[in-house]
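Novice: with the input below, show me the fold.
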Amino acid sequence: MKKITLLGASGSIGTQAVELIEEFDETFELVAITANKSIETIEKILHHHDVQVVVMAKEYEQRIYDVAPNATFYALEDDGLLKAIDATADATVFNALVGSVGLEATLHAIKNNQDVLLANKESLVVGGPLIKEALLNSNAQLIPVDSEHAALRECLKGKKHSDIEKLVITASGGSFRDVSKENLKNVSKEEALKHPNWSMGAKITIDSATMMNKVFEVIEAHYLFDVSYDKIEAILHKESIVHGIVHFKDGNVLAHIGPSDMRIPILSAMKGDTSLRYHSVFDLVTQGSLHFEPIDPHRFSLFDLGIAVAKEKGMHVVTLNAANEIAVQRFLKGDIGFVDIETLIKKCLDYFENHIPLTLPNILSHDKLVRRYATKLKI
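Specialist: Presented below is the predicted three-dimensional model:
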């Protein structure tokens, strides 16, 4: 029985992970869950799972004890995430948090020698060098949950990373992939949240439309597979059937294909080498043709900007991530337009210094400064 500490249990990835844990209840045990304020979702989980630890905002402590009197409650504001990881030291940590808040938790679990199933892409985006260093001094494994990185990992099983010629990550193009850049000025939040292929949370759906999500995935691949940026390519693939491609030095090319179903990479990460049967309907014949094309730098200009920042490295990557999070929040609130997301990010990159030592305290401090600035910035 594999024990799971689930950080971010109420989000899109977290709720799907809970459903899989329930489906394979003889294989997995949910021992800890965390959320911020989604109390109804957490109460529902607690009715079905006898968890040991619950982390939420302090205001929900009594409601949690009313449903789960035997559980231990930690307040999110009082380092609850780290306390939950410590309290379940024999569990695998599934990090499904959204945003850079996930970095400290990822580092803490690795230092505890706990395997981390990583769906929190921002951990590697803002703290990749710190995580790589922590892994060198730990017995922990870092296992990707993102569909693209899970696909690349499957293609690389039994292979040496030194044999890699190139990694290819596919991008759907998001909600506005067939809309010209000139016609993006008046698109609505509702339109932006209608992803053509995937069912995801609001933040990642917007990131998919701006292609910032793909920037983050390229950065993740760089650190996960120890491959230089010039050997990682992102291409448009509207069907979202091919999730990752690996070109090897000997001329062989392996591609991972499958349906647009996040439960497959989630289950793959959780099960490890355990053999489990998951019922998924997939038929290439009915799918028909598959299409691939390069990412247009004019149409998706934020992608090129993000990759340039990634290659430059330094604190600008933290600025990029924090500014993007606030920009997406402001767009979803109706405070700025869709095209203003890129404008806000550029202004933050121009304002903040890049050459600041990458330490955890510096990253967390800089992240707060950027958020504060981006929140008040007039567009």
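Novice: only C-alpha atoms from now on, for both contacts and neighbour counts.
Specialist: OK.
Novice: so who does residue 314 touch?
Specialist: By CA atoms under 8 Å, 6 or more residues apart in numbering, the residues touching residue 314 are 354, 355, 356, 357, 358.
Novice: so which of those is the closest to residue 117?
Specialist: residue 358 (23.5 Å; CA to CA).
Novice: picking that back up, filter the contacts of residue 314 to the buried ones?
Specialist: 354, 358 (16 or more other CA atoms under 10 Å).
Novice: now, which of the contacts of residue 314 sits nearest residue 8?
Specialist: residue 358 (25.6 Å).
Novice: looks like that closest one contacts residue 317 (just checking).
Specialist: No: taking contacts as CA atoms under 8 Å, residue 358 lies outside contact range of residue 317: 10.3 Å.
Novice: my read: residue 352 touches residue 319, true?
Specialist: Yes: here residue 352 reaches residue 319: they are 7.4 Å apart, a contact under CA under 8 Å.
Novice: higher neighbour count, the two?
Specialist: residue 319 (30 against 15; other CA atoms under 10 Å).
Novice: contacts only, for that one.
Specialist: For residue 319, the contact set (CA under 8 Å, 6+ apart) comprises 348, 349, 352, 366, 367, 370.
Novice: pLDDT wise, what is the third one at?
Specialist: Reading off the confidence values, residue 352 has pLDDT 97.
Novice: same question, the first one
Specialist: On the pLDDT scale, residue 348 is placed at 98.
Novice: buried ones in the host helix or strand of it, by neighbour count?
Specialist: Secondary structure assigned from DSSP states H and E places residue 348 in helix 340-351. Neighbour-count burial for helix 340-351 flags 340, 341, 342, 344, 345, 346, 348, 349 (criterion: 16+ other CA under 10 Å).
Novice: burial count for residue 331?
Specialist: Per other CA under 10 Å, the neighbour tally for residue 331 reads 20.
Novice: all strands of the stretch 151-300 of the chain, in order?
Specialist: 164-171, 232-236, 242-248, 253-257, 293-294 (DSSP state E, counting those that start in this stretch).
Novice: want to throw these into TSV with mean pLDDT, mean neighbour count and distance to residue 301?
Specialist: Listed next are the strands of the stretch 151-300 of the chain as TSV, based on pLDDT from 0 to 100; neighbours: other CA atoms under 10 Å; distance: least, CA to CA, whole Å:
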stretch	mean pLDDT	mean neighbour count	distance to residue 301
strand 164-171	97	22	15
strand 232-236	97	17	14
strand 242-248	97	22	22
strand 253-257	97	16	27
strand 293-294	96	12	13
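Novice: out of those, the one nearest residue 144 is which?
Specialist: Of all those, strand 242-248 sits nearest to residue 144, with 13.0 Å by CA to CA.
Novice: tell me what the closest one is packed against?
Specialist: Using 3 or more CA pairs under 8 Å, 6 or more residues apart in numbering; DSSP states H and E as the contact criterion, the elements in contact with strand 242-248 are helix 147-155, strand 164-171, strand 253-257.
Novice: next, format the contacts of residue 314 as TSV and append secondary structure and distance to residue 73.
Specialist: Formatted as TSV, these follow (DSSP: H, G, I helix; E, B strand; the rest coil; distance: CA to CA, whole Å):
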residue	secondary structure	distance to residue 73
354	coil	39
355	coil	40
356	coil	37
357	coil	35
358	coil	33
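Novice: nearest to residue 48 among the contacts of residue 314?
Specialist: For these, the nearest to residue 48 is residue 358 (41.9 Å; CA to CA).
Novice: show me the contact partners of stretch 183-197.
Specialist: 172, 174-176, 202, 205-206, 209, 239-240, 260, 331-332, 334, 337-339.
Novice: which residues sit against the very next helix or strand once past the helix holding residue 348?
Specialist: Sequence order places helix 360-376 as the next helix or strand after helix 340-351, per DSSP H and E. By CA under 8 Å, 6+ apart, the residues outside helix 360-376 that reach it are 104, 126-127, 130, 315, 318-319, 322-323, 326-327, 330, 344, 348, 352, 356.
Novice: no further queries at this time; thank you.
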